[in-house]
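A.B. asks: Dropping a prediction and its sequence here:
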Amino acid sequence: MLDPENEATPADHTAGATSEVALKLDLDAAPSLQTEPDTMAEAMRCFAPDGDLQLASIDADEQRPPRFHQVAGDFAAAVAWAERENRDGGNIYLQPNRVRPGLNTKAGLPDIVSARFCQVDVDPPKDGTVFDKDAAVAALCALPVPPSFINSTGGGVQAFWRLSEPSHG
């Protein structure tokens, strides 16, 4: 069940997205991050206060295989890993749902132990037609149950709806 206590509104979607955007690192400005390490750790806590998260580092040019990091409650080590991976050319991604322990591949449906969020990616059309990110955010915020928060992904957005309790199995 979606948690209505954790909804965003059009007025706060930017503020809500600010901490979550910490997980999207800026490759063009490497080794600089779009945000400070403390903000990155805070963003990770938004997804899982207990730190049970998986991060992935995927090269844009696919020159090396993806790498994975289990946060396991150590947010400082996770931020250091993300900074290092970003300097080495990796895009950093976060799996918002709980995955099986020790997973070192991209999570598939059988790997999800419990769902904490429902999410949707809204990306620019592949055919190159104009994409209005602000209009997409406004449409998400106008839904009967708006997202808990919205993350800017560079070209598009991700919207997350926090579940009132994790869904298992």
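C.D. replies: Yes, it's here.
A.B. asks: Worst mean pLDDT across the helices and strands of the protein, which element?
C.D. replies: helix 13-20 (a mean of 33; mean pLDDT, DSSP states H and E).
A.B. asks: Skip ahead from it and say which helix or strand is next.
C.D. replies: As assigned by DSSP states H and E, the chain's next helix or strand after helix 13-20 is helix 37-47.
A.B. asks: Show me what that next one packs onto, helices and strands only.
C.D. replies: Packing partners of helix 37-47 (3 or more Cβ pairs under 8 Å, 6 or more residues apart in numbering; DSSP states H and E): helix 13-20, helix 75-87. To be clear about C-beta, it is placed using only N, CA and C from the backbone, and glycine gets the same treatment.
A.B. asks: Note down every partner strand of the very next helix or strand once past the last one and its orientation.
C.D. replies: For helix 75-87, the succeeding helix or strand toward the C-terminus, using DSSP H and E, is strand 90-95. As defined by DSSP bridges, the strand partners of strand 90-95 come to strand 54-59 (antiparallel).
A.B. asks: which residues touch the strand it pairs with?
C.D. replies: Outside strand 54-59, the residues that touch it by Cβ atoms under 8 Å, 6 or more residues apart in numbering are 66-71, 78, 81-82, 85-86, 88-95, 99, 103, 106-107.
A.B. asks: What's the ChimeraX line that selects buried ones from the residues you listed?
C.D. replies: Typed into ChimeraX, the line below selects the buried ones among the contacts of strand 54-59, using 16 or more other Cβ atoms under 10 Å:
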select :68,69,70,71,78,81,82,85,86,90,91,92,93,94,95,99,103,107
